[in-house]
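Participant: how would this look folded up:
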Amino acid sequence: MHIILLIIVLVVLVAGPGLWVKRVMQRYHRPADRYGFSGGETARKLLDALSLQQVKTEVTEKGDHYDPVEKAVRLSPENFDGNSLTAITIAAHEVGHALQDAEGYGPLQWRTRLVKWLGPVEKMGAALMMATPVIIGITRLPFAGLLMFMGGLLTLGSAVVIHLLTLPTEFDASFGRALPLMKEQDVLFESDERHARRLLKAAALTYVSASLLSVLNIARWWAILRR
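Facilitator: Numbering: from 1, shown residues only. Down below sits the predicted model:
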């Protein structure tokens, strides 16, 4: 009974933030025509106001993000073309990252370096996971299963490290950049500010919630290997 309760608590702690982020994002996608301009138009307006005409705005299927290498604010189709509070707020959050990049914000630069450094580590982990069944089949060694755990740790653990260590970057993009910019450029209804704050908090926690799920997967693999 105690084990079941512990599992329930862990699932709530790990999955809870992700569910909250998803709920907040979905809630403020309605009404869909809240604003007379889209998320993509909002991003372009804010970037131009910051004299960041060189930063592109693009649609992506890989999730809303700012690419510091390609200098591009990328939004999901729903946010790029949408006119909801969620669409314009998420657009402003990603523009916040573009502003950090333009100003040489240290934590963002460190995150960019970490992504570059840990990229090969993730690939090595993925290769190790794929090779593990072959190694086990050839060697018949029980502890060879630890290779799969190590592969998972390298692959998912790298993402966890990046996101948890750069959490201040996300909150600065939301509350140090995006919110003041939205007010300054008059793209946010005054009555929506408290809702926008919730959205900006959710935007800052998006990657962290995904990282916590990765931690849960690592723990699950470890439990399987110990059987």
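Participant: Going by C-alpha atoms from here, please, whenever you check contacts or count neighbours.
Facilitator: Will do.
Participant: Buried residues of stretch 191-200, list them for me.
Facilitator: Buried positions in stretch 191-200, judged by neighbour count with 16 or more other C-alpha atoms under 10 Å: 195, 196, 198, 199, 200.
Participant: what does stretch 54-72 give?
Facilitator: Burial within stretch 54-72, assessed by neighbour count using 16+ other C-alpha under 10 Å, is assigned to 55-60, 64-68, 71-72.
Participant: and that stretch, how far apart are its ends?
Facilitator: Between the opening and closing residues of stretch 54-72 lies a distance of 9 Å (C-alpha to C-alpha, to the nearest Å).
Participant: Make 41 the first number, not 1, from now on.
Facilitator: Yes, from this point I'll number from 41; that puts the last item at stretch 94-112.
Participant: which of the residues in the helix or strand harbouring residue 139 are buried?
Facilitator: Mapping residue 139 onto the secondary structure by DSSP states H and E places it in helix 125-142. By neighbour count, with 16+ other C-alpha under 10 Å as the criterion, the buried positions of helix 125-142 are 125-141.
Participant: Relative to residue 75, which of the buried residues of stretch 231-240 is nearest.
Facilitator: Using C-alpha to C-alpha, residue 236 comes nearest to residue 75 of those, at 13.2 Å.
Participant: Pop out the phi and psi values for the closest one.
Facilitator: phi -60, psi -30 (degrees, to the nearest 10).
Participant: ok so, going back, and the buried residues of stretch 94-112, which of them are in strands?
Facilitator: Filtering the buried residues of stretch 94-112 for membership in strands, criterion DSSP state E, returns 96, 97, 98, 99, 105, 106, 107, 112.
Participant: For the fourth one, give the beta-bridge partners.
Facilitator: Each beta-bridge partner of residue 99 is listed here, defined by DSSP bridges: residue 115.
Participant: Local confidence estimate at it?
Facilitator: At residue 99, the model reports a pLDDT of 98.
Participant: what residues are up against it?
Facilitator: 114, 115, 116, 117, 120 (C-alpha atoms under 8 Å, 6 or more residues apart in numbering).
Participant: what do you get if the cut-off is 10 Å, keeping everything else the same?
Facilitator: With contacts defined as C-alpha atoms under 10 Å, 6 or more residues apart in numbering, the neighbours of residue 99 are 80, 112, 113, 114, 115, 116, 117, 118, 119, 120, 121.
Participant: Which one of the residues you listed is nearest to residue 152?
Facilitator: Each of the contacts of residue 99 was checked against residue 152 using C-alpha to C-alpha; the closest is residue 112, at 13.9 Å.
Participant: What residues does the closest one make contact with?
Facilitator: 94, 95, 96, 97, 98, 99, 105, 106, 134, 135, 138.
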